[in-house]
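Novice: Quick one: sequence plus predicted model below, questions after.
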Amino acid sequence: MKTLEWWATLDDRARASLIARNGDAVAPDILESIVAAGGDIASDAWWVGRHDADGFHLSDEATDWIETVANGE
């Protein structure tokens with residue numbers, strides 16, 4: 001399974017937010033945390049999803065990854 005390289009360096013609050021709002025647009029402060037942790041949202045990385053009127057979204061694959069982590073799998 002691929003991994004989100006920046007996940008381990010996020011604080012607990014940011015990880016909890018991504019788990020709780022998995023599939024939703026990423027909150028601006030959480031997006032800042034991802035970028036600060038080394039996540040390049042302008043890249044073509046597998047976890048980068050779409051930008052729309054609601055904001056930045058993780059890819060479906062990243063959403064599934066987070067769900068797997070949240071379920072302890």
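Specialist: Yep, it's here.
Novice: quick one: the helices in this structure?
Specialist: 12-20, 28-36, 60-70 (DSSP state H).
Novice: so for the second one, what's the average pLDDT?
Specialist: On average, the pLDDT along helix 28-36 is 97.
Novice: go on, the last one?
Specialist: Regarding helix 60-70, the rounded mean pLDDT is 96.
Novice: From residue 26, how far off is the residue nearest in space to the middle of the chain?
Specialist: Among the residues of the chain, the one closest to the centroid is residue 58, at 5.4 Å (Cα atoms, centre = their mean). To residue 26, residue 58 is 7 Å away according to Cβ to Cβ, to the nearest Å. Backbone N, C-alpha and C define where each C-beta goes, glycine included.
Novice: how close does residue 51 get to residue 42?
Specialist: 10 Å.
Novice: Tell me how many other residues crowd the residue lying closest to residue 59 once chain neighbours are set aside.
Specialist: Nearest non-adjacent residue to residue 59, counting by Cβ to Cβ, 6 or more residues apart in numbering: residue 49, 4.2 Å away. As a burial measure, residue 49 scores 18 neighbours (other Cβ atoms under 10 Å).
Novice: Over to residue 26?
Specialist: Using other Cβ under 10 Å, residue 26 has 22 other residues around it.
Novice: Go ahead and confirm it touches residue 18.
Specialist: Yes. With contacts counted by Cβ atoms under 8 Å, residue 26 reaches residue 18, the gap being 7.2 Å.
Novice: Alright, that wraps it up for me.
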